[in-house]
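Q: Predicted model, plus sequence, below.
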Amino acid sequence: EGSNAVQVISLQSLQNHEEDGQQMAESIARWLDAEWMPQEIHMKMGLQAKQSYIKAREEGDEDVMSIMMRVSTELDQNWAEYNADAFVNAWDIGNYVSDYLVQVSGSESCECNTKVH
């Protein structure tokens, strides 16, 4: 009997939320700079994602999908701050965060994931 359940990817192995969040913010900025062109707004978006990540982790959230949704939603709620200079949207960043977290957690990923910077 097969299961249609989605595998939960846990971030339990990542315990330094501030450092992990900062590395994620810098990775987001490097990715956006490489995809488009270097812009200060990329680091600002990364720092917003970092704050969402830290809040989620401090509340005990270890699930990549849940954190991706939180990052995307909170970026989207503040998108007016980024919209004028951004070439992507909040959900693009959330998807990158998911790929990034899967990779740094040591979980198995697929070739379809975005290259992490």
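A: Now that the structure is in, tell me what you want to look at. It should be emphasised that the depicted structure is a prediction, and the values quoted were computed from it without experimental measurement.
Q: what packs against the one helix or strand in the chain whose mean pLDDT sits lowest?
A: Of all helical and strand segments in the chain, the minimum by mean pLDDT, DSSP states H and E falls on helix 90-105, at a mean of 92. Contact analysis of helix 90-105 by 3 or more Cβ pairs under 8 Å, 6 or more residues apart in numbering; DSSP states H and E lists helix 17-35, helix 40-58, helix 64-77 as its packing neighbours. C-beta: built from backbone N, CA, C; applies to glycine.
Q: mind redoing it with 6 Å?
A: helix 17-35, helix 64-77 (3 or more Cβ pairs under 6 Å, 6 or more residues apart in numbering; DSSP states H and E).
Q: what is the mean pLDDT for stretch 66-80?
A: Mean per-residue pLDDT for stretch 66-80: 95.
Q: Show the pLDDT at E62.
A: Reported pLDDT for E62: 89.
Q: tally of neighbours for it?
A: A count of nearby residues for E62, using other Cβ atoms under 10 Å, gives 16.
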